[in-house]
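**Q** only geometry, no sequence info:
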Ligand code: FRU
């Protein structure tokens, strides 16, 4: 029996002792962060007995990735979260090397977690990725089933390598449980495997749902499959997806494919593929269906391979989740908007109508706390470039810049904050996305939360998310134009969660 140094008791006591020592400077206000330590992927995002549960990849002891636990929180509205005891620690033979990503589902009133265990194979002196189940009656205390691992590498198709097989997303369809799990092929590409079960404990391999090509990266992570607006939607996070135009510039990307699953053959046929978020920090999204049947997505607002300022500065924490976003498919394309619940936490501070600017940059407002939302509609018929410096102070600024003729939006952290290095060929300080305007109208819904910016463009047809770590408190924003612009409406609200 493999003995692990990690237990739930040890993790929970560590958190209790250290949570008040975390440096708050860059801690977000209305985005989810862990009580201590490092987080990455959202896991087990689920609506269970009237509340939303969010689990997450968690290394409580350090602001760097390490032996993976599952942190846990719950919420009534997905904005205010209550931290709960750590749900999983790497403390059994099947997961002693880490409890990697996975998902959750309710069955007979119990909450099941399906996750990847990193299992040591002592005879071969290596690790294997296997799938495990843990069950809870109360949604707080989880017991790992004695049958773990419930899926191991022996079930893999022959084109798969044994080392990379992870991130099960479980769902139910017509009384049958399915799980989509990613695996690496011998050709160094990603694929999604479909497994099937009647009881969540005994699983059989059904099919290769989708096999990636070279242009889709060297491995896939964190699959999610669901129905939305009459389509089958497959979400994936490919590693090293080659750049294409404005897309896939980060070392790892998150993509959405809209298409159709043939449930007889177990194959997914794609009709469209797009990058989900065109910012610098967005990865491993996972979705749930909310109490009203909406599809809600949340993601890790960070990127692999990057230096983490809050780790470098020894703040005791690293990583946050995006705002939960409502998804819709329109014309086979994804659109996203912040969930409505955020409106309950916002106070409108200023409202303007018909601001006219001509070849000038105007500081519009200052604000007392950098947790806010700016919504605007502008007519760009006579503009060459239109930009927002948000947030800014006398030395630093994040810039959102729209080149009207080219139809290209750029979001940059080049001139703001602590440096962030990455594993990309050259340090990435900005991203771009193509935005076709209709009737010259640009609509922006921008959320700032101390160290994050999320920009929803034209009703969420495109989104850009990015972290910033300003050196000074940032208290202003400015709008500028080359040419002429009329800002039909501009609203600035503060957002505050908690006391
Ligand atoms: C994605 C990922 C998953 C894995 C987890 C480990 O960000 O690499 O594939 O399960 O993180 O923390």
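**A** Sure thing, it's come through. Predicted model only: the values in this text are computed from it and were never measured. Residues are numbered from 1 along each chain as shown.

**Q** ok, now which ones touch the spatially most central residue of the chain?
**A** Ranked by distance to the mean C-alpha position of the chain (C-alpha atoms, centre = their mean), the top residue is residue 299 at 1.2 Å. If a contact means C-beta atoms under 8 Å, 6 or more residues apart in numbering, then residue 299 has 42, 254, 276-277, 282-286, 321-322, 465 as its contacts. For glycine as for every other residue, the C-beta is placed from the backbone atoms N, C-alpha and C.

**Q** could you identify the most distant pair in those?
**A** Within the contacts of residue 299, 286 and 465 form the most distant pair, 15.4 Å apart (C-beta to C-beta).

**Q** Three-state assignment for the closest residue to the ligand within the stretch 351-499 of the chain, please.
**A** Closest contact between the stretch 351-499 of the chain and the ligand, by C-beta to the nearest ligand atom, is at residue 423 (13.6 Å). Going by DSSP: H, G, I helix; E, B strand; the rest coil, the secondary structure assigned to residue 423 is coil.

**Q** in contact with the residue lying closest to it once chain neighbours are set aside, which residues?
**A** Beyond its immediate neighbours in the sequence, the residue positioned closest to residue 423 (C-beta to C-beta, 6 or more residues apart in numbering) is residue 305, lying 3.0 Å away. Contacts here follow C-beta under 8 Å, 6+ apart; on that basis residue 305 touches 251-252, 422-424.

**Q** go on, residue 56?
**A** Each residue near residue 56 by C-beta under 8 Å, 6+ apart is listed here: 32, 34, 39-43, 70-73, 321.

**Q** out of these, grab the one that's most surrounded.
**A** Using other C-beta atoms under 10 Å as the neighbour definition, the contacts of residue 56 reach their maximum at residue 43, which records 33 neighbours.

**Q** angles on the backbone of that residue, please.
**A** Geometry field for residue 43 lists phi and psi as phi -130, psi 160, criterion degrees, to the nearest 10.

**Q** all strands for the stretch 51-200 of the chain, in order.
**A** For the stretch 51-200 of the chain, applying DSSP state E, counting those that start in this stretch gives strands covering 51-59, 69-75, 82-88, 99-107, 110-121, 126-136, 143-144, 160-173, 176-185, 190-197.

**Q** count of neighbours near residue 74?
**A** Residue 74 - counted by other C-beta under 10 Å - has 19 other residues nearby.

**Q** so it makes contact with residue 49?
**A** No - with contacts counted by C-beta atoms under 8 Å, residue 74 stays clear of residue 49, the gap being 9.8 Å.

**Q** quick check: neighbours shared by those two?
**A** With contacts defined as C-beta under 8 Å, 6+ apart, the residues adjacent to both residue 74 and residue 49 are residue 139.

**Q** which residues of the stretch 151-300 of the chain fall in helices?
**A** If DSSP state H, counting those that start in this stretch is used as the criterion, the stretch 151-300 of the chain turns out to lack helices entirely.

**Q** residue of it with the smallest distance to the ligand?
**A** Across the stretch 151-300 of the chain, the shortest distance to the ligand (C-beta to the nearest ligand atom) belongs to residue 221, at 3.6 Å.

**Q** excluding chain neighbours, what is closest to that residue?
**A** Counting by C-beta to C-beta, 6+ apart, the nearest residue to residue 221 once its immediate chain neighbours are dropped is residue 237, at 4.4 Å.

**Q** ditto for residue 25
**A** Counting by C-beta to C-beta, 6+ apart, residue 315 is the residue found nearest to residue 25 once chain neighbours are left out, at 6.8 Å.

**Q** repeat for residue 31
**A** Leaving aside its sequence neighbours, residue 31 is closest to residue 320 (4.8 Å, by C-beta to C-beta, 6+ apart).

**Q** same check, this time on residue 115
**A** residue 102 (3.1 Å).

**Q** pLDDT at the one you found, what is it?
**A** With respect to pLDDT, residue 102 has a value of 99.

**Q** circling back: hmm, which of the contacts of residue 305 are the buried ones?
**A** For those, burial is judged from neighbour counts taken by 16 or more other C-beta atoms under 10 Å, and it is met by 251-252, 422, 424.

**Q** can you add pLDDT and distance to residue 354 and give those back as TSV?
**A** What follows is the buried ones among the contacts of residue 305, written out as TSV (pLDDT from 0 to 100; distance: C-beta to C-beta, whole Å):
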residue	pLDDT	distance to residue 354
251	97	44
252	98	43
422	94	42
424	92	42
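
**Q** wait, which of those is closest to residue 209?
**A** Each of those was scored against residue 209 by C-beta to C-beta, and residue 252 proved nearest at 20.4 Å.

**Q** do you know how far the closest one is from residue 304?
**A** Between residue 252 and residue 304 the distance is 5 Å, computed by C-beta to C-beta, to the nearest Å.

**Q** cool, and residue 24?
**A** Shown here: residue 24 relative to residue 304, a distance of 25 Å by C-beta to C-beta.

**Q** tell me which of the two has more neighbours.
**A** Under the neighbour definition other C-beta under 10 Å, residue 24 and residue 304 were set side by side, and residue 304 has more, 17 against 10.

**Q** give me the contact list for the lengthiest helix in the chain.
**A** Here the longest helix in the chain is taken by residue count, with DSSP state H as the criterion, and it is helix 8-18. Taking contacts as C-beta under 8 Å, 6+ apart, the residues outside helix 8-18 that touch it are 35-37, 60-61, 69, 85-86, 88-89, 91, 316.

**Q** what parts of the protein come near the ligand?
**A** By the criterion of C-beta under 6 Å from any ligand atom, the positions of the chain lying close to the ligand are 40-41, 57, 68, 100-101, 116, 166-167, 221-222, 283-284.

**Q** farthest-apart pair in the residues you listed, please.
**A** Between any two of those (C-beta to C-beta), the greatest distance is 16.6 Å, for 116 and 283.

**Q** coming back round to it: need the contacts of residue 299 in a markdown table with pLDDT, can you?
**A** Putting these into a markdown table (pLDDT from 0 to 100) gives the following:
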| residue | pLDDT |
| --- | --- |
| 42 | 99 |
| 254 | 98 |
| 276 | 98 |
| 277 | 98 |
| 282 | 98 |
| 283 | 98 |
| 284 | 98 |
| 285 | 99 |
| 286 | 99 |
| 321 | 98 |
| 322 | 98 |
| 465 | 98 |
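
**Q** ramachandran angles for the closest residue to residue 476 other than its chain neighbours?
**A** In space, not counting the residues next to it along the chain, residue 476 is nearest to residue 366; the distance is 4.7 Å by C-beta to C-beta, 6+ apart. Main-chain dihedrals, residue 366, degrees, to the nearest 10: phi -120, psi 160.

**Q** pLDDT (mean, whole number) over stretch 255-274?
**A** Model confidence over stretch 255-274 averages 98 on the pLDDT scale.

**Q** what does it rub up against?
**A** With C-beta under 8 Å, 6+ apart as the contact definition, stretch 255-274 has outside contacts at 173, 192, 194, 206-210, 216, 225, 231-238, 241, 247, 275-276, 329, 332-334.

**Q** just the buried residues out of those residues, in PyMOL syntax.
**A** For the buried members of the contacts of stretch 255-274, the matching PyMOL selection, counting by 16+ other C-beta under 10 Å, is:
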select buried, resi 192+194+206+207+208+209+210+216+225+231+232+233+234+235+236+237+238+241+247+275+276+329+334
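
**Q** sounds good, over and out.
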